[in-house]
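> mind folding the following:
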Amino acid sequence: MREQTQTYSAAPGDGLIRAGAIVFFLGTVATVVTVAPLFLGTTPFPTYMFLLSMLMGVGFLIAGAGVLRSIAAGRRQARAAAR
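So this is what the prediction gives:
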């Protein structure tokens, strides 16, 4: 059975998906840090912290681009196998 197991190789979009997940996580942390003072009644953070919260959307777009790249590579591979 072991000879039938394929070793894992990174697909073309995997790096973008991982990078997007990291950027999204950083944006999530920035959002929690930015919103916490509003609930705690303390002084809000400066504007740049709100801009860092936008990293959630940027990370989502990067990961989405990785998914689309992976789909395109899968289609190319399927098209090449059908020939």
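
> now the helices: where do they sit in the protein?
14-40, 47-52, 55-82 (DSSP state H).

> possible to save the ones you listed as TSV with mean pLDDT and mean neighbour count?
All C-beta spots, glycine's among them, are computed from the backbone N, C-alpha and C. Converted to TSV, the helices of the chain look like this (pLDDT from 0 to 100; neighbours: other Cβ atoms under 10 Å):
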stretch	mean pLDDT	mean neighbour count
helix 14-40	93	15
helix 47-52	87	12
helix 55-82	92	14
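
> how near is residue 75 to residue 66?
15 Å (Cβ to Cβ, to the nearest Å).

> residue nearest the centroid of the chain?
For the chain, the residue nearest the mean C-alpha position is residue 20 (2.2 Å; Cα atoms, centre = their mean).

> correct me, but that one touches residue 62?
Yes. Counting by Cβ atoms under 8 Å, residue 62 is a contact partner of residue 20 at 3.4 Å.

> can you name the residues that contact the residue nearest to residue 57 when sequence neighbours are not counted?
Of all residues not flanking residue 57 in the chain, residue 27 sits nearest, at 7.3 Å (Cβ to Cβ, 6 or more residues apart in numbering). Residues in contact with residue 27 (Cβ atoms under 8 Å, 6 or more residues apart in numbering) are 52, 53, 54, 55, 56, 57, 58, 59.

> and residue 27, how far from residue 60?
Here residue 27 is placed at a distance of 9 Å from residue 60 (Cβ to Cβ).

> quick revisit: format the contacts of residue 27 as TSV; extra columns: distance to residue 44.
Converted to TSV, these look like this (distance: Cβ to Cβ, whole Å):
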residue	distance to residue 44
52	14
53	12
54	16
55	18
56	19
57	21
58	22
59	23
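
> between those residues, which sits nearest residue 16?
residue 59 (10.5 Å; Cβ to Cβ).

> that closest one and residue 16 touch, don't they?
No. Counting by Cβ under 8 Å, residue 59 does not reach residue 16; the two are 10.5 Å apart.

> which residues touch the residue nearest to the centre of the chain?
59, 60, 61, 62, 63, 64, 65, 66.
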